[in-house]
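Novice: sharing a model prediction with you, sequence too.
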There are 4 protein chains.
Amino acid sequence: MAKRKQLKTDICWSTEDKITIKGLDLCQDIMGKVSLGDMAFLEMMDRLPNERESRVFNALAVILVEHGMTPSAIVTRMTLAGAPEAMQAAVAAGLSGLGSVFVGSMENAARMLQEALPDPAQPGDIAALAARIVDEHAARGRTVPGIGHHIHKPVDPRAPRLFEIAGENGFGGPYVALMQAVAEAAQARLGKSLPVNATGAIAAVASELGIPWRVVRGIGVMSRAIGLVAHVLEELREPMAREIKAMVEEEATAHLR
Amino acid sequence: MAKRKQLKTDICWSTEDKITIKGLDLCQDIMGKVSLGDMAFLEMMDRLPNERESRVFNALAVILVEHGMTPSAIVTRMTLAGAPEAMQAAVAAGLSGLGSVFVGSMENAARMLQEALPDPAQPGDIAALAARIVDEHAARGRTVPGIGHHIHKPVDPRAPRLFEIAGENGFGGPYVALMQAVAEAAQARLGKSLPVNATGAIAAVASELGIPWRVVRGIGVMSRAIGLVAHVLEELREPMAREIKAMVEEEATAHLR
Amino acid sequence: MAKRKQLKTDICWSTEDKITIKGLDLCQDIMGKVSLGDMAFLEMMDRLPNERESRVFNALAVILVEHGMTPSAIVTRMTLAGAPEAMQAAVAAGLSGLGSVFVGSMENAARMLQEALPDPAQPGDIAALAARIVDEHAARGRTVPGIGHHIHKPVDPRAPRLFEIAGENGFGGPYVALMQAVAEAAQARLGKSLPVNATGAIAAVASELGIPWRVVRGIGVMSRAIGLVAHVLEELREPMAREIKAMVEEEATAHLR
Amino acid sequence: MAKRKQLKTDICWSTEDKITIKGLDLCQDIMGKVSLGDMAFLEMMDRLPNERESRVFNALAVILVEHGMTPSAIVTRMTLAGAPEAMQAAVAAGLSGLGSVFVGSMENAARMLQEALPDPAQPGDIAALAARIVDEHAARGRTVPGIGHHIHKPVDPRAPRLFEIAGENGFGGPYVALMQAVAEAAQARLGKSLPVNATGAIAAVASELGIPWRVVRGIGVMSRAIGLVAHVLEELREPMAREIKAMVEEEATAHLR
């Protein structure tokens, strides 16, 4: 075999009597002291959050846990109906659809912000930057991510609330300003109301926390895993998968009968 | 179509300006007030934890986040190497193996405890109950779940630490006592050291918290999703999947060359 | 590191100019000569089928490819809607539900037959064996797998047709006889019509072909993967996932509005 | 609810006594008459293949079934080790990595060919087209998909063999010519040997068969599902997952001890 690269991980190692995670002793430094959300921050950022980071990160993460009967929740329930002995596979199937359409738009918004503003300490002229972003998207015929509302929501209430929490804790900085400026520039250009949505707010606040855009999707994945376990539970108690199947099959094949 | 059952969920619903989760308003009652771990408790138990429950639940959940280069972590990394554009599928693949072998033993221990002690308010004679459990397992030729150590671990340090935290917060009750009595009864019967392991401790403390055994696996699934995102991150920065593949292929086909 | 077992595979190995699969040269012995179904037989049985085995195995496998808007098909479509860039993850999610409920009953029937008749060359008294099987299931309160019909199907037409093809090719042997005798014994005992269903017929014919029961589920998994690709295609051309989501959400949360 | 689109499928429907797939009666028209590979063609192309199409399609599909200890095979084995009761989830996990890196290059090559030559009846000047394709890739700094060899393979033997089978059956048409011309143009430009590889040959021949590029990945997914079942079987008989895990963990954490 050709000489090969050494395998190497720095996340976690164990000895006879100790488990070390990112340099901390699981039993002494983490258990009883670090909450699940702060543990997630540690896993992603290689250090524990301070109190203000913790408040903002947890506020952001809880938004992504649950959104009702999403395609993911339906997938988890339908999978559980066929394999009730493998709850983990039902959650996994539900997570598999967290791709470009929903969670991806969060990723795209974070990328847009972080690429436009690589050094948040030197934000420069935010309004000019926002205008350029909107122009570039228009030139390429692309939708600006992170703004606009679905049919029934004049303003997505999660966005202003997350900005509020971020601001109270010192994270209402240049990325939040840029995201809002982008929304204003787009509104001016297109002449319609395009407020920052939850996706855009999460992208901006994650950027404030220093979370690289490539990993923003990961917050959605971990948080949604929690929500999908709740759907497993409800499906076990009050199943709906067979009804959905019957309903879909009946309607979809009606023209063939 | 035959008359069919009404589909019905009580987890979450949304209106134009509000998202309600288990009866709480996401923006007003949850964001900025509830941590990710407490949100997980809410999703599983239909109510927020009090402070002591929160401490114990979070301590239990963080144990399950990360255990290094497990089969799950390797699966996530190998999957990412083939589909780097679908991080969610890499995490999903990693979760798919959380079945009967590892996470299942946690579930089995919780089931053993909860079936033996359906009403923890009336524990009765714990030592006698433990002896009967061990006898029944022996009679059926089954291993008692939740006890015993792997080769290099005289005592799994997570177990006494979790019991300690549970005890400090008022959750060192009959399920913890039963789990410990089971370990003692098994040691007496088999004449070798069989301390409660992490699996048994988690099962006992989850039972103390009132978490049904059918859902105990779910805590493992949600927590591990967090850990697998960290492995995605490290694999993006310092990949090892190709090396593992080369290493495995070279050795496994050496006898054919 | 403790001395460890050598990794070893005998399925496939490659050199600079040759790929060898189960001892056959892919380019010379397989491509252009072996069909996909016969390749599947090779992969499962370590040898190519003869002509009669090929006819029977392919007839059995095609049954499992497609059954319309199953939970698996719905799962694949809902997953694709969220991650259209990851078709493989959509198929994977759809396969994840092929567990104990549907494909498992095929596995259970095959296991029942193979454990009752470990040596098909010495079938003994088939009727007595069938009666014993039915008695044992009744004694343990278990449903006999492989028999009985769903509401709208007096006889599952796939079962007699598969038996016919098996018989024409010399595979209407003791496992087929036993499966039919089990159905008769159950009918006699319960006083209602319980013909062999598709599941039972597949289990019996797979047993005739010498396929171990542990792998019978695998035929379902590989065949259904083909069908799920067709659902991916149709969903791309004529999407229904969003409609299903809207329909489910509307009905399931109606009581909360 | 707003008026919504009718759900509609044309793949398969069932009545009391008949299952119809793409217009054919499963029991009368398919079972015993159509092989698994031809069934796959039917599912993808809405009609059965003729004899020559069948030979070429099956030759193409069998290439994708098995390639030894790939990342996918390792993933399936590691997942099975944790959840041996859920073989379908192990296969699903293995399929999840069939993304942009390997199967995606097949898709990219098919897209390149089909977009360059939307009407194969009017191929025009193939050499000029090939030169333009290579120029465009060079101008955008992109690698031309479907050509070039890995370290140890001067010529991928699957490519000439598949072209040979295609040619013998009347499918050595303009897409095959274009793929070969692209390889020649790239070689001329870059001054090194860049023969068509298996990926490029499959893309060209799939295009000859009229398979849309969007679905080419699907052939890889369905075929590989077959191969992964063989890895499940071998792992059950001769497990290697625990050894792989031990090997990886030991090496990857060595620097921490």
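Specialist: Right, received. Where do you want to start?
Novice: contacts, neighbours, all on C-alpha from now
Specialist: Noted.
Novice: next, the residue in the stretch 1-150 of chain A that chain B sits nearest to: phi, psi?
Specialist: Of all residues in the stretch 1-150 of chain A, residue A:92 sits closest to chain B, at 4.2 Å by CA to the nearest CA. For residue A:92, the backbone dihedrals are phi -60, psi -40 (criterion: degrees, to the nearest 10).
Novice: got the contact list for it?
Specialist: Taking CA atoms under 8 Å, 6 or more residues apart in numbering or on different chains as the contact definition, residue A:92 lies against A:76, B:89, B:91, B:92, B:93, B:95, B:96, C:93.
Novice: rerun at 6 Å
Specialist: Under the criterion of CA atoms under 6 Å, 6 or more residues apart in numbering or on different chains, the neighbours of residue A:92 are residue B:92.
Novice: how many neighbours does the closest residue to residue A:11 other than its chain neighbours have?
Specialist: For residue A:11, the nearest residue in space outside its immediate sequence neighbours is residue A:22; the separation is 5.2 Å by CA to CA, 6 or more residues apart in numbering or on different chains. Residue crowding around residue A:22 was assessed by other CA atoms under 10 Å in any protein chain shown; the count is 16.
Novice: surely residue A:22 meets residue A:13?
Specialist: No - Residue A:22 is beyond contact range of residue A:13, at 8.9 Å (criterion: CA atoms under 6 Å).
Novice: from residue A:20, how far off is the closest residue to residue A:211 other than its chain neighbours?
Specialist: Nearest in space to residue A:211, with sequence neighbours left out and distances taken as CA to CA, 6+ apart, is residue A:45 at 7.4 Å. Using CA to CA, to the nearest Å, we find residue A:45 at a distance of 16 Å from residue A:20.
Novice: direction included, what does the helix or strand of chain A with the lowest mean pLDDT pair up with?
Specialist: Taking mean pLDDT, DSSP states H and E as the measure, strand A:12-15 is the helix or strand of chain A with the lowest mean score, a mean of 92. The partner list of strand A:12-15 in its sheet, established with DSSP bridges, is strand A:18-21 (antiparallel).
Novice: next SSE after the strand it pairs with?
Specialist: The element immediately downstream of strand A:18-21 (helix or strand, assigned by DSSP states H and E) is strand A:24-25.
Novice: what about the helix or strand that residue A:230 is a member of and chain B, touching?
Specialist: Under the criterion DSSP H and E, the helix or strand holding residue A:230 is helix A:213-237. Yes - legend: contact between helix A:213-237 and chain B by CA under 6 Å from any CA of the partner chain is shown at A:218, A:222, A:225, A:226, A:229, A:230.
Novice: residues in contact with stretch A:130-141: which ones?
Specialist: Stretch A:130-141 is contacted from outside by A:181, A:182, A:185, using CA under 6 Å, 6+ apart.
Novice: among those residues, pick out the one closest to chain C, please.
Specialist: Checking the contacts of stretch A:130-141 against chain C by CA to the nearest CA gives residue A:182 as the nearest, at 25.6 Å.
Novice: please name the residues that touch that closest one.
Specialist: With CA under 6 Å, 6+ apart as the criterion, the residues that contact residue A:182 are residue A:130.
Novice: go again using 8 Å as the cut-off
Specialist: The contact partners of residue A:182, taken as CA under 8 Å, 6+ apart, are A:127, A:130, A:131, A:133, A:134.
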